[in-house]
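Q: Fold the following.
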Amino acid sequence: MTSSPVNSRAGRREWTAFAVLMLPLLLVSMDVSVLYFALPEISARLHPSAPQQLWIFDIYGFALAGLLITMGSLGDRIGRRKLLMMGAAAFGAASVAAAYADSAEMLIAARALLGVGGATLMPSTMALSRNLFQDPKQRATAIGIWSGAMAGGVALGSVLSGLMLSHFWWGSVFLINTPVMVLLLILAPVLVPEFKDPAPGRFDLLSVPLSMGAVLPVIYGLKEAAAHGFSGPRALWIAAGLLIGLVFVHRQRTHAHPMISPGLFRRRGFGSSIGLNLMASFAMMGSSLFTTQYLQSVLGKGPLEAALWSLLPSVMVGAAGPASAAIAQKVNRAYVIGSGFLVAAAGFGLLALADTDSLWLVLIAAGVLASGIVTVMSLVTDMAMGTAPAEKAGSASSLLETGQEFGGALGMALLGVVGNAVYRHDMADRLPADLPSGLPSEALDAARETLGGAAAVAGRLGGRAGGEVLGAAREAFTHGMQVAAVAGALVLVAAAALAAVALRHVRVAAPTAEGSGADAKPDAEPGAEPTAGARGIGAEPGTAPGERRPEPLASR
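A: As a prediction, the model looks like this:
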C-alpha cells in the first residue's frame, strides 16, 4: 500500500532561507573566474613562476572537484547546515588570507583552502534546497533558479573582478567574499533548518583518498590535454584515475558503510540524470572555450569588454531554468530535457555559421546554447534529487556536481582537440611563406599551434606581414570553432535521443506522509502500483530490496 500525498508547500520562511543559500553558491561559482583580470597585478606584486601561476589558477578547481564526494557524504552524516557553516567560515577566512597574501606560495595555499570551502558549500546548498522544498513544483522551480545562479556566477565573476580592479588593489577580488560569508553565518542558524541522515553508519576514511584519486588525475589529464593536446603522460594520468575509480566503486559496492550508497543507482533515473548532466556540462564548457577566445583574440576585445559582452547571453539563461520547470509540470520531462539538448544543439549550429566578424551571431548562439543547457541541468538535477532519498541528498548532489566537473573537463579537452587539429591544418597552408628569415623556428611553431602564439609572432613582425599572420590565424581559429561546433551539435542530438528513451518512464512522486521529501517511485509506469516483487518483500515504497528507509531529521 502506498502512502497518500501530503500538502507540504513551502512558505515565505523557506523561500527566504533559499535566498540565503544562493549567496554562497554565487560566490563559489564566481571564484572560478574572479582571477581573470587580477593575474597581471598579482604577477607584478608576487612574482610567481610559470608553474606557480598555473597553480594559482587551477588549485581552486582541483581541490573543489576532488572533495565534492567526500563533503556531500559528510554533510549527510553530520548535518548539511553544520557543514555549510563550517565551509562558510573556511571560505571567509581563506578569502582574507588570499587578499593579503605576500607570496605566491601563500596565495596558492589560500586558493586551495577556498576550494575546500567551496566543496562543502556546493553540495550543501543543493541538498538543503531539496530538503526545504517538498512540493515537486516548488522544488523544480528552486533547482532551476539554483542552476541559473550557478551558470551566471561564472560570467559575473569576471566582470566583478574587472570592476573591483579598476578602483581597488588585487586582493579586493577575494575580500568581497568575507562579508557575505559573515552574513551567511548569522542568517543560516535562524532561517535554514538542519537536515541529516539519522542512521548513516560509520564514515569510511579510506574512501576519501580513493575518491580523490579517482577524480583528480582524470580531470588533470583532461585539462592538460585541452591546453596542450593529448600525449602519453596525459593519457597515463587519465588511466590512473580510471583505475583508482574502479577500486573506489568496488569498495562502495562491498563495504558495510559505503561513502556513496549503491542503492542510489538502483533508483530509476538517477544514473541517467548524472550522465545527462555530464553531457550538458561537456557542451557548456566546450563552447565557452571557443567563445571567450573568439571575443578577445578574434574580435580583439579587451578582457573587461569581452566579459561585459559575455553577460548578454546570461539574460536568456536567467529565465531558462524556471521556465523549463513550469513546462515540465505539463509535459513529460524526458521530452523537455530532450528539447533542451536540441535547443543547445541549435546554438552550436549558429556558432558553426560564425565568421571572423560575427559578434552578435556568436552572442546569440551562446545565449541559445546556454539556455538549452540550463534547461537540461535544472531538470536532470531536480530528477536526480527527487529520485534520491531525502537523507542521501548530500551524496546525490555531490555526485551530480562531480559529474559536472568531469563533463566540463571532457568538453574542453575533446572539442579543444578538434578545434586545434583544424587550426594546425589550416595554419600549415595559410601561414605566409615570405616571413622574415630571422624569425626563430620556435616562434613559427607556436604560431602554427595556437592563436595566442600567432598573435605574439604578429606583434613581433608588425606591418603587413604581421597583419597577414594574425588574419590567417583568426580565420584558422574560426574554422576550428565551426568544426568543433558541428561535433558538439552531433553529441547533443545523440544526448536528446538518449534522454527521450532513458527517462520517458521515470516519475518523481509527490511527498508522502511517511517521507520528508518528494521521493521517487522507481520503475513505476504512470498510474502503476509498485509491486512487492519490485520493492522486495516487506520493503517500504521507494526503497531498494533489503534497504531500510530511515526518517530524515529536520530540526531547527
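Q: Let me see the mean pLDDT of the helix or strand harbouring residue 499.
A: Per DSSP states H and E: residue 499 is located in helix 463-502. Averaging pLDDT along helix 463-502 yields 89.
Q: try stretch 330-339
A: In this model, stretch 330-339 has a mean pLDDT of 86.
Q: Check which helices and strands the helix or strand encompassing residue 59 is in contact with.
A: Using DSSP H and E, residue 59 falls within helix 50-78. Helix 50-78 sits against helix 39-46, helix 80-99, helix 104-132, strand 194-196, helix 207-228, helix 393-430, with contacts defined as 3 or more C-beta pairs under 8 Å, 6 or more residues apart in numbering; DSSP states H and E. (Glycine included, C-beta is placed from N, CA and C.)
Q: and it with helix 80-99, angle?
A: 160 degrees (axes from the mean of the first three to the mean of the last three C-alpha atoms, to 10 degrees).
Q: How about the contacts made by residue 27?
A: For residue 27, the contacting residues are 91, 153, 177, 180-181, by C-beta atoms under 8 Å, 6 or more residues apart in numbering.
Q: wait, is it part of a helix?
A: Yes - when DSSP: H, G, I helix; E, B strand; the rest coil is applied, residue 27 is found to be in a helix.
Q: How much space separates residue 487 from residue 349?
A: 12 Å (C-beta to C-beta, to the nearest Å).
Q: what's the angle from the helix holding residue 499 to helix 393-430?
A: Using the same axes, to 10 degrees: helix 463-502 against helix 393-430 is 140 degrees.
Q: Which of the residues in helix 463-502 are classified as buried?
A: Buried residues in helix 463-502, defined by neighbour count with 16 or more other C-beta atoms under 10 Å: 465-466, 468-470, 472-485, 487-489, 491-493, 495-496, 498-500, 502.
Q: What's the local residue count around residue 460?
A: By other C-beta atoms under 10 Å, the residues close to residue 460 number 14.
Q: do the same with residue 456
A: With neighbours defined by other C-beta under 10 Å, the count for residue 456 comes to 15.
Q: cool, and residue 457?
A: Neighbours of residue 457 using other C-beta under 10 Å come to 23.
Q: Pretty sure it sits against residue 445.
A: No - with contacts counted by C-beta atoms under 8 Å, residue 457 stays clear of residue 445, the gap being 10.0 Å.
Q: In contact with residue 353, which residues?
A: 361, 482.
Q: And residue 363, by the same measure?
A: For residue 363, the contact set (C-beta under 8 Å, 6+ apart) comprises 309-310, 312-313.
Q: what residue lies at the spatial centre of this structure?
A: The residue lying closest to the centre of the chain (C-alpha atoms, centre = their mean) is residue 404, at 4.5 Å.
Q: Secondary structure class of the closest residue to it other than its chain neighbours, three-state.
A: Excluding its sequence neighbours, the residue lying closest to residue 404 (C-beta to C-beta, 6 or more residues apart in numbering) is residue 281, at 4.4 Å. Taking three-state DSSP as the rule, one finds residue 281 in the helix state.
Q: thought residue 281 was touching residue 401?
A: No - counting by C-beta under 8 Å, residue 401 is not a contact partner of residue 281; they are 9.6 Å apart.
Q: What's the separation between residue 286 and residue 133?
A: From residue 286 over to residue 133 the distance is 32 Å, taken as C-beta to C-beta.
Q: One more: residue 13?
A: 12 Å.
Q: Comparing the two, which shows the higher neighbour count?
A: Taking neighbours as other C-beta under 10 Å, residue 13 and residue 133 compare with residue 133 leading, 26 against 13.
Q: Nearest residue to the more buried one in space, please, no chain neighbours.
A: Residue 133 sits nearest to residue 139 (C-beta to C-beta, 6+ apart), 3.9 Å away.
Q: cool, residue 17 as well?
A: Computed as C-beta to C-beta, 6+ apart, the closest residue to residue 17 that is not its neighbour in sequence is residue 191, at 4.2 Å.
Q: buried set for stretch 120-140?
A: Within stretch 120-140, the residues scored as buried using 16+ other C-beta under 10 Å are 120-136, 138-140.
Q: How about stretch 422-430, which residues are buried there?
A: The neighbour-count check on stretch 422-430 (16+ other C-beta under 10 Å) flags 422-423, 426-427, 430 as buried.
Q: And stretch 26-44, by the same measure?
A: 26-39, 42.
Q: Determine how far it lies from the middle of the whole chain.
A: Remark: stretch 26-44 is offset 17 Å from the chain centroid, using C-alpha atoms, centre = their mean, to the nearest Å.
Q: What mean pLDDT does it get?
A: On average, stretch 26-44 scores 76.
Q: Any regions of the protein where pLDDT drops low?
A: For the chain, residues meeting the criterion pLDDT under 70 lie at 1-7, 32, 36, 318-319, 321, 432-443, 507-556.
Q: please redo it, this time with the cut-off set to 50
A: Across the chain, the ranges flagged by pLDDT under 50 are 1-7, 510-556.
Q: Got the phi and psi for residue 388?
A: Backbone torsions for residue 388, taken as degrees, to the nearest 10, come to phi -70, psi 150.
Q: residue contacts, it?
A: Residues near residue 388 by C-beta under 8 Å, 6+ apart: 130, 264, 267, 270, 395-396, 520.
Q: do residue 447 as well
A: Shown in contact with residue 447 (C-beta under 8 Å, 6+ apart): 427, 431, 453-454, 456-457, 469, 473.
Q: Was I right to think residue 456 contacts residue 446?
A: Yes - look at residue 456 against residue 446 with C-beta under 8 Å: they come within range, at 6.7 Å.
Q: What separation is there between the residue nearest to residue 45 when sequence neighbours are not counted and residue 305?
A: Nearest non-adjacent residue to residue 45, counting by C-beta to C-beta, 6+ apart: residue 170, 6.8 Å away. For residue 170, the distance to residue 305 equals 20 Å [C-beta to C-beta].
Q: sorry, back to before: could I get the buried residue list for the helix holding residue 59?
A: Using 16+ other C-beta under 10 Å as the test for burial, helix 50-78 gives 52-53, 55-56, 58-78.
Q: how many other residues sit next to residue 49?
A: By other C-beta under 10 Å, the residues close to residue 49 number 9.
Q: Now do the contacts for it.
A: Residues near residue 49 by C-beta under 8 Å, 6+ apart: residue 104.
Q: What of the one 4 residues further on?
A: If a contact means C-beta under 8 Å, 6+ apart, then residue 53 has 39, 43, 104 as its contacts.
Q: quick one, which of residue 170 and residue 305 is more surrounded?
A: Set residue 170 next to residue 305 and count neighbours by other C-beta under 10 Å: residue 170 wins out with 24 against 14.
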